[in-house]
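*Asks:* Okay, here's the prediction I keep looking at, along with the sequence it came from:
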Amino acid sequence: MKLPFLRNMLQSVPRSQRVALQFVLLLLAAGFASGCGTVFKADAQVSVSPSSVTWYKVAVGQASGPKSATLTNTGGGALVIRSVGVGGANPGDFSISKSTCGSVLASSASCTVTVLFKPTAAGNRTASLNFDDSSGSSPQQIALSGLGTDSGSSTSGSTASLSPASISWAKVSVGNAGGPKVATFTNTGTSTINISSIALAGTNASDFSIYKNACGTTLAASSSCAVTIL
């Protein structure tokens, strides 16, 4: 459909220049039409939780209790997951026992990877859980660490884990108490653990307090107890 102002504009242009002007107007119209039909996809954005996973005193050659890490698609578009694997200094000491992460993760969806620690040598062992995906921040990494102990130095097969590896509060007014948060101590070994004490330490230990302690003086094999902190 020709608009009157375009017809008048063309008539006011010398005949020798009308063809060039008509060509320019056609290009502009084509560009506008194609632009209106373009769909811009939202970039995939992700987050991982926790930022690190730690195991404490696991005998060499023995598998620890499983721990989980979560990948969440926080963006507006689907996330393509190319691979999930273990890398770093000691990747052979850690293994993925279960993964719910497929090849595509929908917007606002999450998937979980379960990791085991089975040290091949004594001492501090480290690695990373790597998510290779289509986000701009790929790869996402979760630090893995564990302490391997010689079979002779462990006490009757007693090993334990603490979860989560860290706890934080955001924006708590001075003098007010933050909401309670729970730390879980698990006996991942095959014999009872003796618990000597549970206490707070560090630079600002007085800013935190143990609100409730469900851990006694002993913890049976494969059992857990919780400590609530304010």
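*Replies:* Looks like it came in fine.
*Asks:* How about the contacts made by residue 131?
*Replies:* Contacts of residue 131 were listed using Cβ atoms under 8 Å, 6 or more residues apart in numbering, and they are 46, 48, 71, 81, 83-84, 101, 138-141. The C-beta positions use only the backbone N, C-alpha and C, and glycine is treated the same way.
*Asks:* And whichever strand or helix holds residue 183, how far out from the chain middle?
*Replies:* Following DSSP states H and E, one finds residue 183 within strand 181-187. Using Cα atoms, centre = their mean, to the nearest Å, we find the averaged C-alpha position of strand 181-187 to lie 20 Å away from the chain's own average C-alpha position.
*Asks:* partners of the helix or strand following it in the sheet?
*Replies:* Downstream of strand 181-187, the next assigned helix or strand under DSSP H and E is strand 193-194. Taking DSSP bridges as the criterion, strand 193-194 sits next to strand 218-219 (antiparallel) in its sheet.
*Asks:* Look up which helix or strand the most centrally placed residue in the chain falls in, please.
*Replies:* Geometric centre of the chain, nearest residue: residue 48, 1.1 Å, by Cα atoms, centre = their mean. When elements are defined using DSSP H and E, residue 48 is found to belong to strand 46-49.
*Asks:* Residue 214: what's it in contact with?
*Replies:* Neighbour list for residue 214: 225-227 [criterion: Cβ under 8 Å, 6+ apart].
*Asks:* please redo it, this time with the cut-off set to 10 Å
*Replies:* With contacts taken as Cβ atoms under 10 Å, 6 or more residues apart in numbering, residue 214 has the following neighbours: 182, 184-185, 224-228.
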